[in-house]
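J.: After the sequence you'll find the predicted model.
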Amino acid sequence: MDAAGLVGLSGLSGRIPPDHTRIRRIVSMAFNLARIKKLEPEIRKLAIRMIEELKAGKRHAELIAELAYDLPALVIFKLLGVPDSDVAQVKSWAESRLLLTWGDLDEEAQMLHAENMVRYWNYCQKLVSDRKESVQDDLPGDLVALQAEGHEITDREIAAICYSQLFAGHETTTSLIGNGIRELLVHPESWEAIKEDKTRIPKAVDEVLRYSPSILSWRRKCKIASEVGGVMIPEGANILLVMGSGNRDEEVFENGESFDITRKNAGTHLSFGSGIHFCLGSPLAKLEFKVVLEELTTRIPTLQLTPNQTFTFAPNTSFRAPQALQVQW
């Protein structure tokens, strides 16, 4: 396989200033609240269609496969201009990226998923080159237009943004929906509360993000010897930041081990990161889950977990979400 041109470019999360500052400023101009708001009717239409399809003629479903897996992918692909015919292929490449980066694979599996990464990168480069030939109303189209106006961003940097967004923009939202519905049904009083009063949904979304985040931990390297919480961390040390633990810090969150959708400060969680690397896509992820909950509580109000099921989670260092979620009504 021709891997010419494949480079380890990060979209934003792995970059540092000044490149990070320059690229994030340009991406923020394109990936703004107006573009996210523009997607809301499409998100609602997708949610309604998928919920009606999964409940048609039956009283049970597997919510990850039948709702949570595809909806965020279709939304982010709409944002990035990926046609529906390519969705299954690109989704499988994203799965390869997760396993190759955070999994524990044997040599044969590493080769298989590495080849998929080459295909993935080439696809992202084509997204950019296609926008240069034909204007499209999507994120890569906006970035190409900003580049043409004189903003300093290269074709490879635009492709790297697409490369990261095609993964980060939907895998983590799939996890948010799966984790969130599971927690709300494990705590049925919370499901009843949002069903009776949908204005409670935004706070419920933040509490899910705090209590059961899509990303529990992230890897970093200590650049300067530092002391954190009375513990010395030497320069060059590899660090695993466990945000999931921080989200339950009793000094910040009273009864942090309890799931409480009325919690006033749930929105101060660490699940979208902090500082210069705070997740640009957080409003989109929260909007998607909010719409899903609004439509689910309306269309399947008696939703509950199928009894006696065992939840399984993909083995990796950072991501946590149920691989299946059996429900009935």
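T.: Looks like it arrived, so ask away. Numbering: from 1, shown residues only.

J.: now the stretch 201-329 of the chain, which segments are flagged as low pLDDT?
T.: Filtered on pLDDT under 70, the stretch 201-329 of the chain yields no residues whatsoever.

J.: again, only using 90
T.: 219-220, 229, 274-281, 314-317, 319 (pLDDT under 90).

J.: Now do the helices in it.
T.: Listed in chain order, the helices of the stretch 201-329 of the chain (DSSP state H, counting those that start in this stretch) span residues 201-211, 243-246, 282-299.

J.: Turn those into a markdown table, including distance to E95 and mean neighbour count.
T.: Placement of C-beta: from N, CA and C, glycine included. A markdown table is the format used below for the helices of the stretch 201-329 of the chain (distance: least, C-beta to C-beta, whole Å; neighbours: other C-beta atoms under 10 Å):
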| stretch | distance to E95 | mean neighbour count |
| --- | --- | --- |
| helix 201-211 | 23 | 23 |
| helix 243-246 | 22 | 17 |
| helix 282-299 | 19 | 21 |
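
J.: Quick one: residues contacting D130.
T.: Neighbour list for D130: Q136 [criterion: C-beta atoms under 8 Å, 6 or more residues apart in numbering].

J.: let's see it at 7 Å
T.: Residues in contact with D130 (C-beta atoms under 7 Å, 6 or more residues apart in numbering): none are found.

J.: now do I215
T.: Counted by C-beta under 7 Å, 6+ apart, I215 has contacts T172, M243, S271, S318, F319.

J.: coming back round to it: any chance of the helices of the stretch 201-329 of the chain in a markdown table, with distance to I64 too?
T.: Conversion of these to a markdown table gives the following (distance: least, C-beta to C-beta, whole Å):
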| stretch | distance to I64 |
| --- | --- |
| helix 201-211 | 15 |
| helix 243-246 | 20 |
| helix 282-299 | 13 |
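
J.: closest one to F259 among the ones you listed?
T.: Between F259 and these, the shortest gap by C-beta to C-beta is with helix 201-211, which sits at 5.0 Å.

J.: Measure how the closest one sits relative to helix 282-299, angle-wise.
T.: Interaxial angle of helix 201-211 relative to helix 282-299 (axes from the mean of the first three to the mean of the last three C-alpha atoms, to 10 degrees): 120 degrees.

J.: what about dumping the CA coordinates of helix 201-211 to PDB?
T.: Extracted as PDB, the C-alpha positions of helix 201-211 are listed here (Å, rounded to 0.1, in the frame of the first residue of the first chain):
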ATOM      1  CA  ILE A 201     -32.400  17.800  30.100                       C
ATOM      2  CA  PRO A 202     -29.400  20.200  29.800                       C
ATOM      3  CA  LYS A 203     -28.400  19.700  33.400                       C
ATOM      4  CA  ALA A 204     -28.900  16.000  33.000                       C
ATOM      5  CA  VAL A 205     -26.500  16.000  30.100                       C
ATOM      6  CA  ASP A 206     -23.800  17.800  32.200                       C
ATOM      7  CA  GLU A 207     -24.300  15.400  35.000                       C
ATOM      8  CA  VAL A 208     -23.800  12.400  32.700                       C
ATOM      9  CA  LEU A 209     -20.600  14.100  31.400                       C
ATOM     10  CA  ARG A 210     -19.400  14.500  34.900                       C
ATOM     11  CA  TYR A 211     -20.400  11.100  36.300                       C
END
